[in-house]
Every structure is written in C-alpha cells, then in structure tokens.
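Trainee: Take a look and give me a structure for this.
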Amino acid sequence: MVHIEEIPDEEPLNHPHGLKNEHLSLDRMIAEAASAHFGRPMTGADLPDAMAAVKSVSADEFIRQMNKMPLFMTELDETGENDEGPNEALEAIKALQEEGDPWEVAQNFKISGNERFKVKNYEDAREFYTKALNVNCDRDDINVACLNNRAQCNLEMRNYRKCITDCKAALKLDVKQDKAWFRAAKALLALDKIEEAEACIDNAIMLKPDHTQVADLGKKIKARKDHLEKMENQRRERERKKKWEEEAIKMSLQAREISTKSTKQPPEMPDGVKIKFMEEGKIESGLLFPVLLIYHLHLQTDMIAAMPETTSVGDQLTEVLAEPLEWDEQREYNPNSVECYMETKTGGLVKVGKNVSLLAVLSNGKCEITDGLVRILVVPKKRNTEFIENWKKTMKKA
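Mentor: Numbers count the residues shown, from 1 in each chain. Model prediction:
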C-alpha cells in the first residue's frame with residue numbers, strides 16, 4: 001500500500017534552489033522566467049519543436065507573448081496571436097463576466113473595477129463601474145457601491161462635477177451613505193462651493209462622528225470658509241475706501257474750483273498714479289496730482305507721479321531738468337531756458353508762470369484736468385514762436 005505523507009500547513013514549503021516567493025509579483029515572475037530562460041546557454045540534445053520555437057524569440061517578445069495570456073496579463077492586450085484579430089482567451093473571459101443574473105453581471109463588473117482601482121488605474125476602474133451601473137440590476141447595494149466608487153475615481157481624476165453627480169445619485173438610493181456625503185464635500189471644497197461643502201460634511205460627521213478623515217475635512221472646510229470670509233471683508237473694505245476717496249476727491253476739486261473732464265479712451269495709468277490726498281484718508285492734508293510734462297517739439301514726455309498742489313511749476317522743473325535730458329542733444333532744456341503752457345478749455349494756450357503754485361494754475365478757471373492727468377507743455381524760449389504756430393495749425397486740423 002502506498003503511503004501518502006501530507007505536508008502540515010505550519011511547515012514552510014521547500015522551494016527549488018534560487019526561487020524565492022517574498023513579495024513576488026506577477027511582473028517579477030515573468031521577468032525572472034524570461035531571465036532564467038534566456039540567461040543560461042543550453043547544451044545537450046536538441047529541444048522539441050514547440051520549446052525550440054519559444055527559445056528562438058527574444059526576451060521582450062517572450063514577455064509580450066506571455067502578456068496575451070489572461071493568467072499572466074499585466075496590461076490589457078486585446079489582440080490575438082501575431083497581433084491579428086481578437087484575443088480569443090480574453091474574449092472568452094469577457095463572455096463569462098457577462099453571464100448570469102443582472103446582479104451577478106453587475107457584481108462582476110464591480111469586482112473588475114475594484115481591481116483596477118487598487119492599482120490606481122482610475123480611468124479603467126470608472127469604465128467598469130459604469131458598465132455595472134448600465135446593467136440596471138435591482139440590487140441597490142451594488143448600485144450604491146458602484147456610484148460611490150465611480151465618484152471616488154472622478155475625485156482622483158479631478159472631475160469634481162461628475163463626482164458630485166455620482167454622489168447625488170448614490171444618496172437618492174441611500175441617504176445614509178457617509179462616503180457619498182464625504183466625497184461630495186471634498187469635490188465641492190475643490191470647487192470653492194463652501195456652503196454646500198459645509199452642508200455635506202455636516203451630514204458625514206453626523207453619520208461618522210469619530211471618523212478622523214471626516215473630521216479633518218470638516219476642519220479644512222471651516223478654515224477655507226474663514227479665509228474666504230476674511231478675503232471678502234478685505235475686498236469690501238477696499239471698495240468702501242475707494243468709493244469714499246473718489247467722493248472726497250471730487251468734493252475737494254469742486255471746493256478748489258478745479259475743472260475736470262473724461263474722454264472715451266483715457267490713457268492707461270500705472271497702478272496708484274491718480275489724484276489723491278497727501279495723507280491717505282485725510283482731506284485736510286492737501287492734494288497730489290499726476291503731471292505729464294510734454295516736450296512738444298521733440299515728441300518726448302516725463303511723468304511726475306505725485307506733484308503737491310502747493311509746489312510751483314518752476315520748482316518741479318528744477319528737479320526734473322537738473323541733469324541734461326538724454327535725447328536733448330542741443331541742450332535746449334534747462335530750468336532757465338524753457339517756458340510752460342497749458343491747453344485751455346477752448347483749445348487755446350495759457351502761459352504758466354514758474355513761480356505760481358500748481359493749485360493756482362489749475363483753479364484759474366481757464367484750464368481743466370483731462371482723465372485725471374495734468375498736462376504741461378514745456379518749450380525752449382527761443383522756439384516759442386515755432387511752437388505756437390505749430391499749435392495753431394494742429395488746432396485748425398482738429
């Protein structure tokens with residue numbers, strides 16, 4: 001009688017020399033098989049035809065052929081032998097997957113989706129969950145699980161609106177789905193829909209009060225809400241100050257009898273360059289004006305961002321023309337060799353005295369500020385006549 005010896009479960013199996021099963025994945029099994037198969041020279045008798053055919057291919061081709069076998073697949077390859085036609089073995093497995101009652105078919109698709117999800121293949125996982133849902137089985141537990149899982153796939157893929165849609169569908173089937181509330185809250189937070197996110201996380205906390213991730217998300221939503229409220233309050237305060245300043249500036253100009261006008265296409269001004277108070281928020285501190293010095297005969301300009309209303313034009317020119325201008329090759333422009341003019345409301349010219357304050361010039365009733373910018377024409381004295389004639393010709397054409 002033949003004696004059969006059983007190997008106890010406790011005893012480790014004695015593996016062939018050189019083969020270890022520690023953390024051995026399918027990819028590694030195939031790679032090691034290929035290495036063992038192609039890494040040692042063969043001696044002795046000729047191999048059978050079937051083995052010789054395998055032996056004649058490269059390692060890469062061997063792995064590619066192995067990947068066509070469903071048992072050894074590490075990625076989906078739907079082509080058949082020699083990359084022609086369908087992969088019959090794979091098609092057979094697919095057919096088995098779709099056999100059975102609707103709930104069984106849906107369950108099979110869900111399991112396939114879970115397998116893809118575990119390896120972070122979210123796109124394929126989402127496709128399998130969709131197939132499961134398209135079966136329209138009558139098992140709410142399966143449908144809810146697939147909706148929840150597909151929502152997570154969409155969340156991982158940053159398809160936040162689709163995630164929310166799936167969560168809503170899951171909650172219609174079962175309002176106590178804490179995962180759906182949680183994932184919807186995450187997606188809504190990503191879209192900065194804070195009020196809705198807060199409502200969803202409140203429900204999740206109610207269902208899972210001791211869940212760490214749920215509690216942490218609640219804190220994140222609260223922090224984001226506080227931050228947005230702070231930003232909104234700051235924005236409103238800026239708008240309030242801006243509106244107040246605009247009204248205060250308007251009243252201050254009227255009190256000084258300074259005329260202003262706006263055009264349809266005002267020039268672009270650098271940030272912060274505008275008529276403003278010398279001290280922010282203090283009407284009594286006086287006004288600062290942006291001034292454009294125009295060297296009409298040379299088509300050049302200088303910008304003074306903030307000229308105090310009490311400063312004379314001559315003092316400002318002394319500062320601007322302290323050094324020769326780069327483009328002034330003839331050295332025609334210096335504080336003592338130039339005259340200043342401003343355009344009047346009617347298109348004429350008025351001479352600006354160098355010792356007169358900017359306020360006195362602007363409040364004389366003849367000139368006006370256009371688009372919030374004071375324009376002063378600077379002309380060499382010896383070319384006054386030329387400048388005035390050119391100006392008259394320009395005004396006639398206009």
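Trainee: going forward, measure contacts between C-alpha atoms and count neighbours the same way
Mentor: Will do.
Trainee: Please spell out which residues along stretch 255-266 are buried.
Mentor: For stretch 255-266, the buried set under the neighbour-count rule, 16 or more other C-alpha atoms under 10 Å, comprises 258-260.
Trainee: tell me how far it is from the chain's mean position?
Mentor: How far stretch 255-266 lies from its chain's middle: 40 Å, per C-alpha atoms, centre = their mean, to the nearest Å.
Trainee: now do stretch 298-305
Mentor: The chain centre lies 39 Å from the centre of stretch 298-305; the measure is C-alpha atoms, centre = their mean.
Trainee: now do stretch 299-314
Mentor: Here the centre of stretch 299-314 is set off from its chain's centre by 42 Å, with C-alpha atoms, centre = their mean.
Trainee: What's the end-to-end length of it?
Mentor: Stretch 299-314 stretches 21 Å from its first residue to its last (C-alpha to C-alpha, to the nearest Å).
Trainee: buried sites along that stretch?
Mentor: Buried residues in stretch 299-314, defined by neighbour count with 16+ other C-alpha under 10 Å: 305-309, 311-314.
Trainee: For the stretch 101-250 of the chain, just list every one of the helices.
Mentor: Secondary structure of the stretch 101-250 of the chain (DSSP state H, counting those that start in this stretch): helices located at 102-118, 122-134, 140-156, 160-173, 178-190, 194-207, 212-255.
Trainee: Let me have those in TSV, adding mean pLDDT as columns.
Mentor: Converted to TSV, the helices of the stretch 101-250 of the chain look like this (pLDDT from 0 to 100):
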stretch	mean pLDDT
helix 102-118	95
helix 122-134	96
helix 140-156	97
helix 160-173	97
helix 178-190	97
helix 194-207	97
helix 212-255	95
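Trainee: Out of the ones you listed, which gets nearest to P324?
Mentor: Among the helices of the stretch 101-250 of the chain, helix 212-255 comes nearest to P324, with 34.7 Å by C-alpha to C-alpha.
Trainee: Among the buried residues of stretch 255-266, which one lies nearest to D174?
Mentor: Nearest member of the buried residues of stretch 255-266 to D174, counting by C-alpha to C-alpha, is T260, at 66.6 Å.
Trainee: With adjacent residues omitted, what lies nearest to the closest one?
Mentor: Once flanking residues are discounted, T260 sits nearest to I369: 4.6 Å by C-alpha to C-alpha, 6 or more residues apart in numbering.
Trainee: what about the one you found, how many neighbours?
Mentor: When neighbours are defined as other C-alpha atoms under 10 Å, I369 has 19 of them.
Trainee: which phi and psi does it have?
Mentor: Main-chain dihedrals, I369, degrees, to the nearest 10: phi -90, psi 130.
Trainee: Contact partners for it?
Mentor: Neighbouring residues of I369 by C-alpha atoms under 8 Å, 6 or more residues apart in numbering: 258-261, 362, 375.
Trainee: so of the residues you listed, which ones are in strands?
Mentor: Among the contacts of I369, DSSP state E puts 260-261, 375 in strands.
Trainee: where's the residue nearest to T260 relative to K392, distance?
Mentor: Distance from I369 to K392, by C-alpha to C-alpha: 21 Å.
Trainee: And K179, by the same measure?
Mentor: For K179, the distance to K392 - C-alpha to C-alpha - is 79 Å.
Trainee: I'd like to know how far N203 sits from C167.
Mentor: The value you get for N203 to C167, if C-alpha to C-alpha is used, is 13 Å.
Trainee: More neighbours: which of the two?
Mentor: With neighbours defined as other C-alpha under 10 Å, N203 and C167 compare such that C167 has more, 27 against 19.
Trainee: So, low pLDDT: which residues of the stretch 1-150 of the chain?
Mentor: Scanning the stretch 1-150 of the chain for pLDDT under 70 picks out 1-100.
Trainee: Tell me how many other residues surround E319.
Mentor: By other C-alpha under 10 Å, 10 other residues sit near E319.
Trainee: What values do phi and psi take at it?
Mentor: Main-chain torsions, E319, degrees, to the nearest 10: phi -70, psi -40.
Trainee: And it, how far from N334?
Mentor: 10 Å.
Trainee: Ok, L325 next?
Mentor: From L325 to N334 the distance is 9 Å (C-alpha to C-alpha).
Trainee: Looking at these two, which one has more neighbours?
Mentor: Using other C-alpha under 10 Å as the criterion, L325 and N334 rank with N334 on top: 16 against 13.
Trainee: could you measure the residue lying closest to that one once chain neighbours are set aside against Y333, distance?
Mentor: Spatial nearest neighbour of N334, chain neighbours left out: L321 (5.5 Å); criterion: C-alpha to C-alpha, 6+ apart. As judged by C-alpha to C-alpha, L321 and Y333 stand 7 Å apart.
Trainee: Which one of these two is surrounded by more residues?
Mentor: Ranked by neighbour count (other C-alpha under 10 Å), L321 and Y333 place Y333 first, with 22 against 13.
Trainee: give me the element that one is part of.
Mentor: Counting by DSSP states H and E, no helix or strand carries Y333.
Trainee: Just list the residues touching the spatially closest residue to A215 that is not a sequence neighbour, thanks.
Mentor: Setting aside the residues directly before and after it, A215 is nearest to I205 in space (C-alpha to C-alpha, 6+ apart), at 6.8 Å. I205 sits next to 211, 214-215, 218 when contact means C-alpha under 8 Å, 6+ apart.
Trainee: I164 contacts A151, doesn't it?
Mentor: Yes: using C-alpha atoms under 8 Å, I164 is in contact with A151, at 7.1 Å.
Trainee: Overlap of the contact sets of the two?
Mentor: In contact with both I164 and A151: R183, using C-alpha under 8 Å, 6+ apart.
Trainee: Show me which of these two is the more surrounded one.
Mentor: Applying other C-alpha under 10 Å to I164 and A151 shows that A151 carries more neighbours, namely 31 against 23.
Trainee: distance of the residue lying closest to that one once chain neighbours are set aside from A185?
Mentor: Closest residue in space to A151, ignoring its immediate chain neighbours: C163 at 4.3 Å, by C-alpha to C-alpha, 6+ apart. Note on C163: its distance to A185, by C-alpha to C-alpha, is 10 Å.
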